[in-house]
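*Asks:* predicted structure and sequence below. I'll ask about it afterward.
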Amino acid sequence: MRSLLQAASVAGCAAVFSCLCVSAQDPSSIASQPPMGWNSWDAYGLTISEAEFKANAQWLTKNLKKFGWNLAVVDEGWYLVDPTVKPEQSQFVLSPDGRYRPSPNRYPSAAGDVGFKALADSVHALGLQFGIHIIRGIPKEAVAKNLSIAGSAFHAQEAADTSDTCPWNTYNYGVKNVPAGQAYYDSIAALYASWGVDFLKVDCISSHPYKEDEIRMMSEALKKTGRPIVLSLSPGPSPLDKAEVLAANSNMWRISDDVWDHWAHDPKMSFSQSISEQFAVAANWAKYAGPGHWPDADMLPIGFLGPRPGEGQPRNSKLTHDEQRTLMTGWCIFHSPLVLGANLTKMDDWTKSLVTNPEVLAVNQSSSEQHEAMRDNDVVVWAAKAASGGEYVAVANLSDVPRQIDYTWAQIGITGAQGSVRDLWQHRNLGKHNSLQISLQPHESVLYRVN
């Protein structure tokens, strides 16, 4: 590989949508609710440009911000001069002290020593939060040249674990749990804080393989900056027996492999979790979701995935309307972070309506005690407490055949309710009912509030 050396809170947020509206003086409130926003990967893969990113951020501000979507994230590859070449031909933009910088041919505002500061400022001016993606570790080029580590007396070779490389991205070496390793993570955290980063997605760290030392080191580095930066860990499946460590050291972590737009398991996409499989996985993680720490069911593969998606050909989501609504129903009652992957500038009216239903989004942002209440073959029922009283109930038919549902409220753990039911997707009161009686088509779902 070759390298290029180059020197290098939102006011007025509604309380129910304040997931990233935090103060630097109160870092404990970071991600007090599941983050909501947009990430470039599903639509642009490695290739997004500054102009494309800004266009999506502007669309987000105009159309979705008032519903709580307030985060825009540049995913992997922002330091690549040409992200379309083979990995072994990659050129990186690297500072003299071994830290990646945005490639100015793709991000003109990053020229000189500015980095992402100018882009972050423009995002903040829209009333949004700004995020970036990195691969854990230290650049191999920095290690080969034994570059100094900013803010310390250490050098790259003292920090690097040259026996450790991410299995699916070979740009970096792992970082050893030694003072030099901590110094390197401190240095990049300080750089990102100086740019105005609000959200950091660290990849190849929570699974494939799980790197507990580096999770702790990255968490500690972010705390030292004094800036409230949400720490998101990827990919999954994160180990369930490490839930308490993950919750103590990060704000969100992936619970499965990548989620793309296929309902059932696809043997051609063995790396990708299907929508239908995610319900059972989420049930295992539900009790660990709470203010500041959210099990992450991955991005929402809905809308137009293009022009250069991270997987497959440009396309409208292959999920049916019923499947997309079930996806949103599940992610909301799971309390998963909600991160759109679509090209927002190409969003159609139906998809927009799907992600701007305030009654549904409130389930994600303001309910509590979410749990799987019942599983009857391929019918699953989830419940959660509504903030202002009553219960939320989600029912999904994961099977390929119609199902008739008939459960008493007691069967799904709802006691003391009068049976007054409201359909949150339809914004319609259904009257009082003694039990839960509905017919669901294959892959269809409902989301009710019961008082």
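*Replies:* Good, I have the coordinates.
*Asks:* alpha carbons only for contacts and neighbour counts from here, please
*Replies:* Will do.
*Asks:* which residues of this protein fall in helices?
*Replies:* With DSSP state H as the criterion, the chain has helices at 41-44, 50-63, 117-125, 140-144, 156-159, 179-195, 212-225, 243-249, 275-285, 321-334, 349-354, 358-366.
*Asks:* residues in contact with the last one?
*Replies:* By C-alpha atoms under 8 Å, 6 or more residues apart in numbering, the residues outside helix 358-366 that reach it are 16-17, 19, 33-34, 67, 329, 331-336, 355, 386-387, 392, 424-425, 427, 447.
*Asks:* wait, what's in contact with residue 327?
*Replies:* 275, 300.
*Asks:* tell me the pLDDT at it?
*Replies:* pLDDT, residue 327: 98.
*Asks:* what of residue 13?
*Replies:* On the pLDDT scale, residue 13 is placed at 35.
*Asks:* could you do residue 108 as well?
*Replies:* For residue 108, the model assigns a pLDDT of 97.
*Asks:* for residue 231, same thing?
*Replies:* With respect to pLDDT, residue 231 scores 98.
*Asks:* just residue 434 next, same as before
*Replies:* Note for residue 434: predicted pLDDT of 89.
*Asks:* swap in residue 266?
*Replies:* pLDDT recorded at residue 266 is 88.
*Asks:* one step back: which members of the contacts of helix 358-366 occur in strands, if any?
*Replies:* When DSSP state E is applied, the contacts of helix 358-366 are split such that 392, 447 fall in strands.
*Asks:* show the buried residues in the contacts of helix 358-366.
*Replies:* When burial is judged by neighbour count using 16 or more other C-alpha atoms under 10 Å, the buried members of those are 16-17, 19, 33-34, 67, 329, 331-336, 355, 386, 392, 424-425, 447.
*Asks:* partner strands of the longest strand along the chain, with direction?
*Replies:* The strand that spans the most residues within the chain, counting by DSSP E, is strand 368-376. Sheet pairing of strand 368-376 (DSSP bridges) gives strand 379-385 (antiparallel).
*Asks:* got the angle for the partner strand vs helix 321-334?
*Replies:* Calculated by axes from the mean of the first three to the mean of the last three C-alpha atoms, to 10 degrees, strand 379-385 forms an angle of 40 degrees with helix 321-334.
*Asks:* ok, residues contacting strand 379-385?
*Replies:* Strand 379-385 has contacts (C-alpha under 8 Å, 6+ apart) with 279, 333, 367-375, 391-399, 412.
*Asks:* out of the helices of the chain, which is the most enclosed?
*Replies:* With neighbours defined as mean count of other C-alpha atoms under 10 Å, these peak in mean count at helix 41-44, which reaches a mean of 27.
*Asks:* re the thing from before, any idea of the angle the longest strand of the chain forms with helix 358-366?
*Replies:* Per the same axes, to 10 degrees, the angle that strand 368-376 makes with helix 358-366 is 110 degrees.
*Asks:* any idea of the mean pLDDT for strand 368-376?
*Replies:* Here the average pLDDT along strand 368-376 is 96.
*Asks:* could you do stretch 176-188 as well?
*Replies:* Stretch 176-188 carries an average pLDDT of 98.
*Asks:* can you give the contact residues for that stretch?
*Replies:* Contact with stretch 176-188 is made by 99, 138, 149-152, 154-156, 158-161, 175, 213-214, 217-218, 220-222, 224, as judged by C-alpha under 8 Å, 6+ apart.
*Asks:* show me which of the contacts of strand 379-385 are buried.
*Replies:* Buried by 16+ other C-alpha under 10 Å: 279, 333, 367-374, 391-399, 412, out of the contacts of strand 379-385.
*Asks:* where does pLDDT dip in this protein?
*Replies:* Counting by pLDDT under 70, the low-confidence segments of the chain come to 1-28, 417.
*Asks:* again, 50 this time
*Replies:* Applying pLDDT under 50 to the chain flags the ranges 1-28.
*Asks:* returning to what we had before: now the helices of the chain in CSV, with distance to residue 71?
*Replies:* Shown next, in CSV, are the helices of the chain (distance: least, C-alpha to C-alpha, whole Å):
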stretch, distance to residue 71
helix 41-44, 14
helix 50-63, 8
helix 117-125, 9
helix 140-144, 31
helix 156-159, 32
helix 179-195, 16
helix 212-225, 18
helix 243-249, 21
helix 275-285, 23
helix 321-334, 17
helix 349-354, 17
helix 358-366, 15
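*Asks:* ok, which of those helices comes nearest residue 88?
*Replies:* Residue 88 lies closest to helix 140-144 among the helices of the chain, at 12.4 Å (C-alpha to C-alpha).
*Asks:* the closest one packs against which elements?
*Replies:* Contact here means 3 or more C-alpha pairs under 8 Å, 6 or more residues apart in numbering; DSSP states H and E; on that basis helix 140-144 packs against helix 156-159.
*Asks:* just checking, what packs against the helix it packs on?
*Replies:* Contact analysis of helix 156-159 by 3+ C-alpha pairs under 8 Å, 6+ apart lists helix 140-144, helix 179-195 as its packing neighbours.
*Asks:* mind redoing it with 6 Å?
*Replies:* Counting by 3 or more C-alpha pairs under 6 Å, 6 or more residues apart in numbering; DSSP states H and E, the packing neighbours recorded for helix 156-159 are helix 179-195.
*Asks:* next, the angle helix 117-125 makes with the helix it packs on.
*Replies:* Per the same axes, to 10 degrees, the angle that helix 179-195 makes with helix 117-125 is 60 degrees.
*Asks:* mind saving the C-alpha coords of helix 179-195 as PDB?
*Replies:* Extracted in PDB, the C-alpha atoms of helix 179-195 (Å, rounded to 0.1, in the frame of the first residue of the first chain):
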ATOM      1  CA  PRO A 179       0.600   2.900  27.900                       C
ATOM      2  CA  ALA A 180       1.600   3.500  24.300                       C
ATOM      3  CA  GLY A 181      -1.600   1.900  23.000                       C
ATOM      4  CA  GLN A 182      -3.700   4.100  25.300                       C
ATOM      5  CA  ALA A 183      -1.700   7.100  24.100                       C
ATOM      6  CA  TYR A 184      -2.600   6.300  20.500                       C
ATOM      7  CA  TYR A 185      -6.300   6.000  21.200                       C
ATOM      8  CA  ASP A 186      -6.100   9.200  23.300                       C
ATOM      9  CA  SER A 187      -4.600  10.900  20.300                       C
ATOM     10  CA  ILE A 188      -7.300  10.000  17.800                       C
ATOM     11  CA  ALA A 189     -10.000  10.700  20.400                       C
ATOM     12  CA  ALA A 190      -8.600  14.200  21.000                       C
ATOM     13  CA  LEU A 191      -8.400  14.800  17.200                       C
ATOM     14  CA  TYR A 192     -12.000  13.800  16.700                       C
ATOM     15  CA  ALA A 193     -13.100  16.000  19.600                       C
ATOM     16  CA  SER A 194     -11.300  18.900  18.100                       C
ATOM     17  CA  TRP A 195     -13.200  18.400  14.800                       C
END
